[in-house]
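Visitor: here is the input, now give the coordinates:
(2 chains)
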Amino acid sequence: RKEVEQDPGPFNVPEGATVAFNCTYSNSASQSFFWYRQDCRKEPKLLMSVYSSGNEDGRFTAQLNRASQYISLLIRDSKLSDSATYLCVIPNTGNQFYFGTGTSLTVIP
Amino acid sequence: DTGVSQDPRHKITKRGQNVTFRCDPISEHNRLYWYRQTLGQGPEFLTYFQNEAQLEKSRLLSDRFSAERPKGSFSTLEIQRTEQGDSAMYLCASSFMSRLQETQYFGPGTRLLVL
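Guide: This next block holds a predicted model:
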């Protein structure tokens, strides 16, 4: 089983829609979780950190379900500028950071 | 700009040549990571440093790859005898490790094409 698994999508949603991505992880000892955003041919940029049950920042909400070992990212009121690839990242206990393959989102006018 | 910088941004080389990339982390960050990313995949961990010590290397890192961080500041990643399969984006990230948390910040990457 891979350390981190994401649905690659693509997700194509209209402006204003709510969209959610999930990311499952295999290491039950993981303590911190991250969502990064990556635009085409650019570097990943930190979107949100998740250290407990969840985190909210404006239109973005990240939630953690330790029992089922997944994290989710919810985007409300999608904007055209939200179009990007969203990567979930989970460090292991040995300081390696495992990235998912990314979920591609396109917001359509 | 006080972010992570990488040089060069693009490199085209012929198979069999050696290449070296440089990463300058955020100045107060004590950890520095190297990743490789190919199209449609997330970044794959290669190696990381805490200050000048290289603490972990991925099994992906063949003996043609070597990384250094001699003074605990900038780092170099060298690929010897490049192969076409080495073509990828090479990303550097830095972080400050505290007791509570660690967040990585990425540089713009070096895009390598091996012909």
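Visitor: can you report phi and psi for the closest residue to chain A within chain B?
Guide: The nearest approach of chain B to chain A comes at residue B:42, 3.3 Å away (Cβ to the nearest Cβ). C-betas here are computed from N, CA, C, even on glycine. Main-chain dihedrals, residue B:42, degrees, to the nearest 10: phi -80, psi 170.
Visitor: what separation do you get for it and residue B:11?
Guide: Per Cβ to Cβ, to the nearest Å, residue B:42 is found 22 Å from residue B:11.
Visitor: element containing the closest residue to residue B:43 other than its chain neighbours, please.
Guide: Excluding the flanking residues, the one nearest residue B:43 by Cβ to Cβ, 6 or more residues apart in numbering or on different chains is residue B:35, at 3.8 Å. Using DSSP states H and E, residue B:35 sits within strand B:31-37.
Visitor: could you point out which element follows that strand?
Guide: Next element after strand B:31-37 (DSSP H and E): strand B:44-50.
Visitor: any idea of the mean pLDDT in that following strand?
Guide: Strand B:44-50 comes out with an average pLDDT of 93.
Visitor: more neighbours, residue B:42 and residue B:11?
Guide: residue B:42 (23 against 19; other Cβ atoms under 10 Å in any protein chain shown).
Visitor: which residues does the residue of chain A found nearest chain B contact?
Guide: Residue nearest to chain B within chain A (Cβ to the nearest Cβ): residue A:99, separated by 3.3 Å. Applying Cβ atoms under 8 Å, 6 or more residues apart in numbering or on different chains, we find residue A:99 in contact with A:4, A:36, A:44, A:87-89, B:35, B:42-44.
Visitor: same thing but at 10 Å, please
Guide: Going by Cβ atoms under 10 Å, 6 or more residues apart in numbering or on different chains, residue A:99 touches A:3-4, A:6, A:34, A:36, A:38, A:44, A:87-90, B:35, B:37, B:41-45.
Visitor: quick check: PyMOL command selecting the buried ones in those residues.
Guide: Command for PyMOL that selects the buried part of the contacts of residue A:99, burial taken from 16 or more other Cβ atoms under 10 Å in any protein chain shown:
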select buried, (chain A and resi 3+4+6+34+36+38+44+87+88+89+90) or (chain B and resi 35+37+42+43+44+45)
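Visitor: for residue B:33, list each beta-bridge partner.
Guide: When assigned by DSSP bridges, residue B:33 has beta-bridge partners residue B:48, residue B:93.
Visitor: count the residues that sit near it.
Guide: 25.
Visitor: wait, it touches residue B:57, no?
Guide: No: in this structure residue B:33 lies outside contact range of residue B:57 using Cβ atoms under 10 Å: 11.4 Å.
Visitor: got any residues that touch both of the two?
Guide: What both residue B:33 and residue B:57 touch, as defined by Cβ under 10 Å, 6+ apart, is the set B:45-48, B:67.
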